[in-house]
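coordinates for the following, if possible.
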Amino acid sequence: MRQTIFLFLFLVLALMVRGQEQQYKVACIGFYNFENLFDTLDTPDKFDEEFTPQGTRLWDGEKYSEKLHNLARVVSELGTDLTPDGPALLGVAEIENRQVLEDFVREPAIAKRGYEIIHYESPDRRGIDVALLYQPKYFTPLGSHPVRLNIKNENGDTVYTREILYVTGLLDGDTLHVLVNHWPSRRGGEKATRPLRNAAAMLNKNVRDSLIARNPAAKIIVMGDLNDDPTSPSVAKVLLAKPKKNQLRKGDFFNPWHAFYKRGIGTLAYRDAWSLFDQILITEGLVNPENPGYHFYKAKVFNPTYLVQKTGQYKGYPFRTFDFDNYIHGYSDHFPVCIYLLKPLD
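Okay, the predicted model is just below:
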């Protein structure tokens, strides 16, 4: 990179391409698991009692306000190394309802960005959902709907889990299809619950296949907390997400997080081992720079030192909100991730 300048609302990079200087607009797309962003109310038919003032976590207005402030600090910095307004699109998980997001987007650290919200209530037993935040000056939504994940456990019982959020819209004139996910957890064992995540992966694949059938160069993004790593069967075998760009065919998913995972870089830790559950996958249409509009530049796990726990049982892990039921003033038990897209300037 030889120089950076600001143009309109995007940061423009000047890069050397085949010996020639080429200028690009930069857009950031991120994902962040907010780790139990609950309000303080006991909502009927939701298992949210622990996140109330009388609950086991003594969750009150002061803690809730600090949680919002902490998360806003992270989002205010995410992606700003390459674009001044951070994520144009931000997928989020583990949020209780639309109200907590409305409170979040009003936080002073990010309020000027004017984030709008796309959210639907899901049937998840705990009452946690996914959502997409977007900056209207960059992204214009054209449509959205939840995609129901109809799955049963090994006993034949329905698993009430998060729906997949589908959003389509224009990023600076470029049509994107975005799927925001939070796949079933590994509670009960990775192997026993694997079919549930495979089913979630297949549902994403089916949506991808439908879009690719209409447009082989469709620009599709699958993002979320997948509760699986880049090498897990759901990602590598069901979605067939490829770790290398030169392996891609039309419509294939590229997984830039495979290389991070192989280097031991993760987004959450468990029993002193790193996992990389938070991923953003993109189809070949967003990878090939020969396609018009935006294409992939690079990926990033955002893990500054203040997001790392310094003491206690979880020392070295992401700085979470609670250590069991002990409030420790943290952020989330996940690091956020983002990708940067480039668009050539004429």
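
low-confidence regions, this protein specifically.
1-20 (pLDDT under 70).

specify the next element, helix or strand, located C-terminal of the strand ranked longest in it.
The residue-count maximum for a strand in the chain (DSSP state E) belongs to strand 20-37. Next helix or strand after strand 20-37 toward the C-terminus (DSSP states H and E): helix 61-77.

wait, what's in contact with Leu165?
91, 118-120, 130-132, 144, 146-147, 178-181 (Cβ atoms under 8 Å, 6 or more residues apart in numbering). Placement of C-beta: from N, CA and C, glycine included.

export these as JSON lines, with columns for secondary structure and distance to Lys219.
Shown next, in JSON lines, are those (DSSP: H, G, I helix; E, B strand; the rest coil; distance: Cβ to Cβ, whole Å):
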{"residue": "Gly91", "secondary structure": "strand", "distance to Lys219": "16"}
{"residue": "Ile118", "secondary structure": "strand", "distance to Lys219": "18"}
{"residue": "His119", "secondary structure": "strand", "distance to Lys219": "23"}
{"residue": "Tyr120", "secondary structure": "coil", "distance to Lys219": "23"}
{"residue": "Val130", "secondary structure": "strand", "distance to Lys219": "20"}
{"residue": "Ala131", "secondary structure": "strand", "distance to Lys219": "21"}
{"residue": "Leu132", "secondary structure": "strand", "distance to Lys219": "15"}
{"residue": "Ser144", "secondary structure": "strand", "distance to Lys219": "16"}
{"residue": "Pro146", "secondary structure": "strand", "distance to Lys219": "21"}
{"residue": "Val147", "secondary structure": "strand", "distance to Lys219": "18"}
{"residue": "Val178", "secondary structure": "strand", "distance to Lys219": "9"}
{"residue": "Leu179", "secondary structure": "strand", "distance to Lys219": "12"}
{"residue": "Val180", "secondary structure": "strand", "distance to Lys219": "15"}
{"residue": "Asn181", "secondary structure": "strand", "distance to Lys219": "17"}
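
among these, who's most crowded?
Gly91 (32 neighbours; other Cβ atoms under 10 Å).

which other helices and strands contact the lengthiest helix in the chain?
Counting by DSSP state H, the longest helix found in the chain is helix 190-214. Judged by 3 or more Cβ pairs under 8 Å, 6 or more residues apart in numbering; DSSP states H and E, the packing partners of helix 190-214 are strand 164-171, strand 174-182, strand 220-225.

angle of that helix against strand 174-182?
Angle of helix 190-214 versus strand 174-182, following axes from the mean of the first three to the mean of the last three Cα atoms, to 10 degrees, is 160 degrees.

could you give the angle of helix 190-214 to strand 164-171?
Interaxial angle, helix 190-214 versus strand 164-171 (the same axes, to 10 degrees): 40 degrees.

among the contacts of Leu165, which one lies nearest to Gln23?
Ranked by distance to Gln23 (Cβ to Cβ), the contacts of Leu165 are led by Val178 at 26.2 Å.

mind putting the helices and strands packed on helix 190-214 into CSV with distance to Glu284?
As requested, the helices and strands packed on helix 190-214 are arranged in CSV below (distance: least, Cβ to Cβ, whole Å):
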stretch, distance to Glu284
strand 164-171, 17
strand 174-182, 13
strand 220-225, 9
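
pick the most buried one from the ones you listed.
Most buried of the helices and strands packed on helix 190-214, by mean neighbour count (mean count of other Cβ atoms under 10 Å): strand 220-225, with a mean of 26.

tell me what it is packed against?
With 3+ Cβ pairs under 8 Å, 6+ apart as the test, strand 220-225 has strand 20-37, strand 87-95, strand 174-182, helix 190-214, strand 278-283 packed against it.

residues making contact with the shortest one?
This means strand 278-283. Strand 278-283 is contacted from outside by 29-33, 208, 212, 218-226, 230, 235, 239, 241, 251-257, 267-268, 296, 299, 334-339, using Cβ under 8 Å, 6+ apart.
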